[in-house]
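Colleague: Quick one, fold the following:
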Amino acid sequence: MTHSKTSKQAVYFAYGTLLDINGMKKYCPSAQPLGVMSLKGYRMGFALCGADLSVGGCTLVEDPGNTMYGVLYSLPEKELADLDAASGVDKGLWATINITLTNDKGQKVPANTLTIPDPAGPYQPPETYTNPILLGARAWPLPPAYIKQLEDIIRKS
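Modeller: Sure, this is the predicted structure:
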């Protein structure tokens, strides 16, 4: 049995700037959305990267009562490695973590995403950073209450 695909596929959960499919395609041109997924026990936050205080961005914040939403993408492993490199994973700015998502049918879906491993305090993102988050969030069928939560997080940052 031969496989026509030469590259192995990976999955990536986008919950911040990469909710904007145009932003995702910039780093991972072959990325295909698999759908909206939820992640229990976290919310999106902004933090400075402990490894370099001149850098900050989206991160996961543990929040036991909260459910966050995002988009799961399928992409070639090489493009996921490119995304990791662009995110500064090798420098310790972000780290890949394994997570368990829930799809709209209530099924558990294993995935991975990026988070800041050593947050060094709050980060105030510029509008150029937050606009793609809201643009992407509004482009997907995310719950309206969750989009409002993102707007509140961004407003307070």
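Colleague: which helices and strands sit right next to the longest strand along the chain?
Modeller: For the chain, the strand that runs over the most residues, judged by DSSP state E, is strand 52-76. Contacts defined by 3 or more Cβ pairs under 8 Å, 6 or more residues apart in numbering; DSSP states H and E place strand 52-76 against strand 9-14, strand 32-49, strand 108-115, helix 127-139, helix 144-156. For glycine as for every other residue, the C-beta is placed from the backbone atoms N, C-alpha and C.
Colleague: Quickly compare these and say which is most buried.
Modeller: strand 9-14 (a mean of 21; mean count of other Cβ atoms under 10 Å).
Colleague: Listing partners with orientation, what would you give for it?
Modeller: Applying DSSP bridges, strand 9-14 is found paired with strand 52-76 (antiparallel).
Colleague: Next, the buried residues of the partner strand.
Modeller: Neighbour counts using 16 or more other Cβ atoms under 10 Å place 55-61, 68-73, 75-76 of strand 52-76 among the buried residues.
Colleague: among these, which two are most distant?
Modeller: Greatest spatial distance in those: 61 and 76, 29.7 Å, computed using Cβ to Cβ.
Colleague: now stretch 84-97: how far from the chain's centre is it?
Modeller: Its chain's average C-alpha position is 13 Å from that of stretch 84-97, according to Cα atoms, centre = their mean, to the nearest Å.
Colleague: Quick one: residues in contact with that stretch.
Modeller: 27, 49-52, 55, 57, 60, 112-118 (Cβ atoms under 8 Å, 6 or more residues apart in numbering).
Colleague: So, low pLDDT: which residues of the chain?
Modeller: Low-confidence segments of the chain (pLDDT under 70): 1-7.
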